[in-house]
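Chemist: Here is a sequence together with a model predicted from it:
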Amino acid sequence: METKKSTKANIERMRFPITLTALLFTGSIVLASFSYTNGLEREKDIAAVENAGEIQFEIETKVDPPTPPEPQTQDIMLPPDDNIIIDSNNAVEPPKVTITLPPPPKVEVGPTTVTEKPIIEFPDVEAQFTPIGEERSSVSMQRWIAQNVQYPQTSIEMNEQGRVYLSFVVEEDGSISNIAVERSVSPDLDREAKRLLRQMPQWIPGEAKGHKVRTRCRLPINFTLN
């Protein structure tokens, strides 16, 4: 026997509306739960803000107690105690003071003046050339001059001749000093005459009142070309 389906009893047409209704109901429940959770969190935030405001107000209105003044210290000078012992190892050395003394003033010492003995112009015994052997003093002197003279070459070329007069002092020891030209012939011959006088051996000094004295003498030296 074939079973007949009633169109009224067919529920396939109702499946989509039922499904849609179920989805809507589920979404409503989920939305309601989210709304309830957000409300709780908002109430918590408001309460926290209110509590924070109360705490801030309490902190601002809190007044610190006044600080007590610091005790003032005063140095008290104690009288010296004779029984105080000072340790020499820990004693503070006084600062060293260096005093620079000015240099002593310079004492200028003038040149020492030596007082020379006077020159005797006319002694009791004349000074003389030391004689050689038994010859007289004048002969020995002429011989010595002839052997030691060096006629200047310029004077030879210019034919210069003449007699040069010299003055000098024979000291107490027989040496010759203070040579001067009293009469000149030419510069070259004057120079040679003084050289000869300086090269002479020591003379025999003059005497006055039995003592050797400084004596002034004069001597001509003749320059002649042969």
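Modeler: Looks like it arrived, so ask away.
Chemist: Could you check how far residue 139 is from residue 203?
Modeler: Here the distance between residue 139 and residue 203 works out to 15 Å (C-beta to C-beta, to the nearest Å). Where you see a C-beta, it was placed from the backbone N, CA and C, and this is true even at glycine.
Chemist: Name all residues that make contact with the spatially closest residue to residue 170 that is not a sequence neighbour.
Modeler: Once flanking residues are discounted, residue 170 sits nearest to residue 127: 4.0 Å by C-beta to C-beta, 6 or more residues apart in numbering. Taking C-beta atoms under 8 Å, 6 or more residues apart in numbering, we find residue 127 in contact with 170, 174, 203-206, 215, 217.
Chemist: Neighbour count for those residues - can I get that in JSON lines?
Modeler: JSON lines is the format used below for those (neighbours: other C-beta atoms under 10 Å):
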{"residue": "170", "neighbour count": "27"}
{"residue": "174", "neighbour count": "14"}
{"residue": "203", "neighbour count": "21"}
{"residue": "204", "neighbour count": "16"}
{"residue": "205", "neighbour count": "21"}
{"residue": "206", "neighbour count": "22"}
{"residue": "215", "neighbour count": "24"}
{"residue": "217", "neighbour count": "17"}
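Chemist: Just the ones of those residues in strands?
Modeler: Here DSSP state E is the test, and the contacts of residue 127 give 170, 206, 215, 217 as lying in strands.
Chemist: Pick out the most distant pair among these.
Modeler: 206 and 217 (8.3 Å; C-beta to C-beta).
Chemist: any residues in contact with both of these two?
Modeler: 126-127, 170.
Chemist: how much space between residue 200 and residue 168?
Modeler: Residue 200 sits 10 Å away from residue 168, taking C-beta to C-beta as the criterion.
Chemist: So which of the ones in strands among the contacts of residue 127 is the closest to residue 143?
Modeler: residue 217 (18.5 Å).
Chemist: Any idea what the closest one is bridged to?
Modeler: Counting by DSSP bridges, residue 217 is bridged to residue 168.
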